[in-house]
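> what follows is a predicted protein model with its sequence.
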Amino acid sequence: MQSEDPNITAAACRYLLVGLLPRLERASPGLVAELRAGIVADRDAMAAMDSLARRWRRRSTRRCE
């Protein structure tokens with residue numbers, strides 16, 4: 001199996017989402033807003049975890065000195 005060009009894969013995903021999201025929103029009003037809220041919450045949680053990990057690494061490094 002040949003490896004796919006990531007740009008082509010991204011374009012195909014974008015094409016599908018542009019076509020499907022409006023249909024899903026018509027079938028289930030509020031779905032896109034719920035998805036967006038979940039994405040924002042996940043992104044914020046990952047940023048918080050990254051911040052905690054950086055602080056933990058700094059503290060661990062100080063103990064080793």
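Noted; the coordinates are in hand.
> OK, contacts around residue 3?
By Cβ atoms under 8 Å, 6 or more residues apart in numbering, residue 3 lies in contact with nothing. (C-beta placed from N, C-alpha, C; glycine too.)
> now do the SS call for it.
Following DSSP: H, G, I helix; E, B strand; the rest coil, we place residue 3 in the coil state.
> same check, this time on residue 37
helix.
> so how far is residue 11 from it?
Distance, residue 37 to residue 11, using Cβ to Cβ, to the nearest Å: 26 Å.
> check residue 27 too.
25 Å.
> who has more neighbours, these two?
For the pair residue 27 and residue 11, the greater number of neighbours falls to residue 11 (11 against 8), based on other Cβ atoms under 10 Å.
> what strand or helix carries the more buried one?
Assigned by DSSP states H and E, residue 11 belongs to helix 6-27.
> does anything pack onto that helix? Which helices or strands?
Where contact means 3 or more Cβ pairs under 8 Å, 6 or more residues apart in numbering; DSSP states H and E, helix 6-27 is packed against helix 31-64.
> low-confidence regions, this structure specifically.
Across the chain, the ranges flagged by pLDDT under 70 are 1-2, 62-65.
> could you rerun that using 50?
1 (pLDDT under 50).
> distance of residue 12 from residue 45?
From residue 12 to residue 45 the distance is 29 Å (Cβ to Cβ).
> do residue 7 as well
From residue 7 to residue 45 the distance is 29 Å (Cβ to Cβ).
> go on, residue 28?
Taking Cβ to Cβ as the measure, residue 28 falls 25 Å from residue 45.
> do residue 61 as well
For residue 61 relative to residue 45 (Cβ to Cβ), the value is 25 Å.
> cool, residue 37 as well?
12 Å.
> got the phi and psi for residue 30?
phi 100, psi -10 (degrees, to the nearest 10).
> check what contacts the helix holding residue 11 and list those residues.
Residues outside helix 6-27 that contact it (Cβ under 8 Å, 6+ apart) are 31-32.
> if we go to 10 Å?
Helix 6-27 has contacts (Cβ atoms under 10 Å, 6 or more residues apart in numbering) with 4-5, 31-33, 35.
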